[in-house]
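*Asks:* output the structure for:
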Amino acid sequence: MKHWLKENRGFLIFLICFGFFRTAFADWNPIPSSSMRPTLLEGDVVLVNRLAYDFKVPLTDISLAQLGEPKRGDVVTFTSPKDGVRLIKRVVGLPGDTIEMRSERLFINGVPVEYGEAESGLEPIGTDNARSLRRTEQLGQREHAVQFLPDVIAMRSFGPIKVPESSYFLLGDNRDNSADSRYIGVVSRRLLIGRAHHILVSANATGDWLPRFERFAKAIE
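*Replies:* Residues are numbered from 1 along each chain as shown. Prediction:
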């Protein structure tokens, strides 16, 4: 054993350093579900900056230093306060905000969010297709696409909800097919893992698994 460790110590040191880098500085996260469509698709692998908000003790939620503040519109990975599963959603409500939704329209501090014209299409759900409506949504100075599924049962109205201190209200871009803060509650800052900023690679996970080269290295809006 000692002989094997001596011969492979360089590789072992690399693995240790690589593991520390991934748990403390940067990470990648595969997208397993459709909750962030159309921004992120099943089979995308996103790059996550773990130092965007906090420097934490690796493999823990213990913050050693705050490095930045989550911004409205950021796409973040986090640990679900409900069951501990890692999720990815968009920051909609900041600490102190009042968040409300009326018939799919989002209100932040009593002000309705602006939406673009709807584009209709079909969204695969299991073995069937459902009608979809896609619009652009304006969160402050940031614009991104969201999707609605009119024929799916979903929570289309809620609130108003005041976001507590050091917590965030998160929504999926696929508004009618996302287990987000409407269902799991607000998310404490300590549960945030990092900010997703680019798609690293992508493959068609719901079809033939062929690479989607057009999505490689694409910035996340």
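*Asks:* pull the helix or strand with minimum mean pLDDT from this protein.
*Replies:* helix 9-24 (a mean of 43; mean pLDDT, DSSP states H and E).
*Asks:* can you tell me what sits against the next helix or strand along the chain from that helix?
*Replies:* For helix 9-24, the following helix or strand on the C-terminal side (DSSP states H and E) is strand 26-30. For strand 26-30, contacts defined as Cβ atoms under 8 Å, 6 or more residues apart in numbering pick out 43-51, 77, 86, 88, 193-194, 196, 200. Placement of C-beta: from N, CA and C, glycine included.
*Asks:* what is the subsequent helix or strand relative to strand 26-30?
*Replies:* strand 44-49.
*Asks:* out of the contacts of strand 26-30, which are buried?
*Replies:* For these, a burial check counting by 16 or more other Cβ atoms under 10 Å picks out 43-50, 77, 88, 193-194, 196, 200.
*Asks:* save those residues as a markdown table, and put in distance to residue 104 and pLDDT too.
*Replies:* Formatted as a markdown table, those follow (distance: Cβ to Cβ, whole Å; pLDDT from 0 to 100):
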| residue | distance to residue 104 | pLDDT |
| --- | --- | --- |
| 43 | 27 | 96 |
| 44 | 25 | 98 |
| 45 | 30 | 98 |
| 46 | 26 | 98 |
| 47 | 30 | 97 |
| 48 | 29 | 97 |
| 49 | 31 | 96 |
| 50 | 33 | 95 |
| 77 | 25 | 97 |
| 88 | 21 | 98 |
| 193 | 28 | 96 |
| 194 | 29 | 97 |
| 196 | 24 | 98 |
| 200 | 32 | 97 |
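*Asks:* greatest separation within those: which pair is it?
*Replies:* Greatest spatial distance among those (Cβ to Cβ): 43 and 50, at 22.5 Å.
*Asks:* ok, back up a step: between the buried ones among the contacts of strand 26-30, which is closest to residue 215?
*Replies:* Looking across the buried ones among the contacts of strand 26-30 and measuring by Cβ to Cβ, the closest to residue 215 is residue 44, at 6.4 Å.
*Asks:* ok, now which ones touch that closest one?
*Replies:* Contacts of residue 44 by Cβ under 8 Å, 6+ apart are 30, 31, 199, 201, 202, 215.
*Asks:* and those, which is closest to residue 177?
*Replies:* residue 31 (13.4 Å).
*Asks:* where in the protein is pLDDT low?
*Replies:* Along the chain, the parts satisfying pLDDT under 70 run over 1-26.
*Asks:* now do the helices in it.
*Replies:* With DSSP state H, the ranges of helices along the chain come out as 2-7, 9-24, 181-184.
*Asks:* is it true that residue 114 touches residue 138?
*Replies:* Yes: with contacts counted by Cβ atoms under 8 Å, residue 114 reaches residue 138, the gap being 4.2 Å.
*Asks:* neighbours of the nearest residue to residue 211 once chain neighbours are set aside, just the number please.
*Replies:* The shortest distance from residue 211 to any residue other than its chain neighbours is 5.4 Å, reached at residue 203 (Cβ to Cβ, 6 or more residues apart in numbering). Neighbour count of residue 203, defined by other Cβ atoms under 10 Å: 19.
*Asks:* and residue 203, what does it touch?
*Replies:* 43, 209, 210, 211, 212.
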